[in-house]
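Colleague: What follows is a protein structure lacking sequence information:
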Ligand SMILES: Nc1ncnc2c1ncn2[C@@H]1O[C@H](COP(=O)(O)OP(=O)(O)OP(=O)(O)O)[C@@H](O)[C@H]1O
Ligand SMILES: O=C(O)c1ccc[n+]([C@@H]2O[C@H](COP(=O)([O-])O)[C@@H](O)[C@H]2O)c1
């Protein structure tokens, strides 16, 4: 089985994540994609983040009707920062017969050489970089080639329609009580309103 793993803060999950997962799955012929919300994201320490349980629940609601998508609570159960290499070691031992692929947006791929143990990550899995507006894949490819000795065949680049949206932008819209319809799945919007996340209550 080819298993896609898609890590993220998902604060909240949005259409950019869902399209990235769907097109990565198609491009690399993955059998399934597991979304892995971060417990303590390794590089967002200065920012206030929605409690992990709520972020997990939003991802669950977003994927529960997609038979080939699921969500894992592996990282949110840990009390230490979630380094991808640790997550991958665990998935590799849980699923020794599967071929693992880690999905990232191009913005994260730019930073990949600075991640914890990127060499080991590429031994355990292959990486799929998805286009994201503002981050040219060609430039990214050159950067990765020159910044470290990478087994290039282990990194795949997949074009997706440019969706210039981020969770940061959506959190602002939610706080300003502006519409996020179509950008966030309906059942996730309902969860956000029912739980008053991002200062968004039922009256908005
Ligand atoms: N619009 C998008 N297009 C392509 N990839 C995306 C998009 N949004 C997020 N991703 C990718 O999804 C993964 C998880 O992203 P994350 O949950 O941090 O979302 P984000 O929108 O970047 O959040 P924030 O604005 O809070 O930093 C990352 O690999 C990121 O690059
Ligand atoms: O392991 C690392 O050093 C590392 C550094 C930065 C990001 N990541 C992972 O990349 C994924 C996307 O990160 P984020 O914060 O953009 O949601 C998420 O699974 C992070 O844990 C991992």
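Modeller: Everything's here; your move. Keep in mind that what you see is a predicted model, and the values were worked out from it rather than measured. Residues are numbered from 1 along each chain as shown. Ligands and ions are numbered 1, 2, ... in the order given.

Colleague: doesn't residue 55 make contact with residue 195?
Modeller: No: applying CB atoms under 8 Å as the test, residue 195 and residue 55 come out as separate, 11.4 Å apart. No exception for glycine: its C-beta is placed from N, CA and C like everyone else's.

Colleague: Check what pLDDT the single nearest residue of the chain relative to ligand 2 gets.
Modeller: Nearest residue of the chain to ligand 2: residue 7, at 2.0 Å (CB to the nearest ligand atom). You'll see residue 7 listed with a pLDDT of 97.

Colleague: and it, how far is that from ligand 1?
Modeller: Using CB to the nearest ligand atom, to the nearest Å, residue 7 is found at 7 Å from ligand 1.

Colleague: so who does that residue touch?
Modeller: 36, 37, 38, 75, 82, 84, 87, 102, 104 (CB atoms under 8 Å, 6 or more residues apart in numbering).

Colleague: Generate a PyMOL selection restricted to the buried entries among those.
Modeller: Of the contacts of residue 7, the buried ones go into a single PyMOL selection, burial set by 16 or more other CB atoms under 10 Å:
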select buried, resi 36+37+38+75+82+84+87+102+104
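
Colleague: So, low pLDDT: which residues of this protein?
Modeller: For the chain, the stretches flagged by pLDDT under 70 are 44-46, 147-150, 201-204.

Colleague: Looking at it, which residue is nearest ligand 1?
Modeller: For the chain, CB to the nearest ligand atom, closest residue to ligand 1: residue 105, 2.0 Å.

Colleague: what about residue 195 and residue 55, which has more around it?
Modeller: The neighbour count for residue 195 versus residue 55, taken as other CB atoms under 10 Å, is higher for residue 55 (24 against 15).

Colleague: Okay, and the more buried one sits in which element?
Modeller: helix 52-63 (DSSP states H and E).

Colleague: Tell me if that helix is near ligand 2.
Modeller: No: Helix 52-63 lies apart from ligand 2 when judged by CB under 6 Å from any ligand atom; the minimum separation is 10.1 Å.

Colleague: Give me the helices and strands touching the helix or strand following that helix, please.
Modeller: The element immediately downstream of helix 52-63 (helix or strand, assigned by DSSP H and E) is strand 69-71. Strand 69-71 sits against strand 32-37, helix 52-63, with contacts defined as 3 or more CB pairs under 8 Å, 6 or more residues apart in numbering; DSSP states H and E.

Colleague: Which parts of the protein are strands?
Modeller: 2-8, 32-37, 69-71, 99-105, 126-130, 155-158 (DSSP state E).

Colleague: in its sheet, what does the third one sit against?
Modeller: Its sheet considered, strand 69-71 pairs with strand 32-37 (parallel) by DSSP bridges.

Colleague: The last one now?
Modeller: Strand pairing for strand 155-158, using DSSP bridges, gives strand 126-130 (parallel).

Colleague: what about the strand it pairs with, distance to the chain center?
Modeller: 11 Å (CA atoms, centre = their mean, to the nearest Å).

Colleague: list the buried ones in that strand?
Modeller: If you call a residue buried by 16+ other CB under 10 Å, then strand 126-130 has these buried ones: 126, 127, 128, 129, 130.

Colleague: Identify the residue nearest residue 63 in space, chain neighbours excluded?
Modeller: Leaving aside its sequence neighbours, residue 63 sits nearest to residue 69 (CB to CB, 6 or more residues apart in numbering; 3.9 Å).
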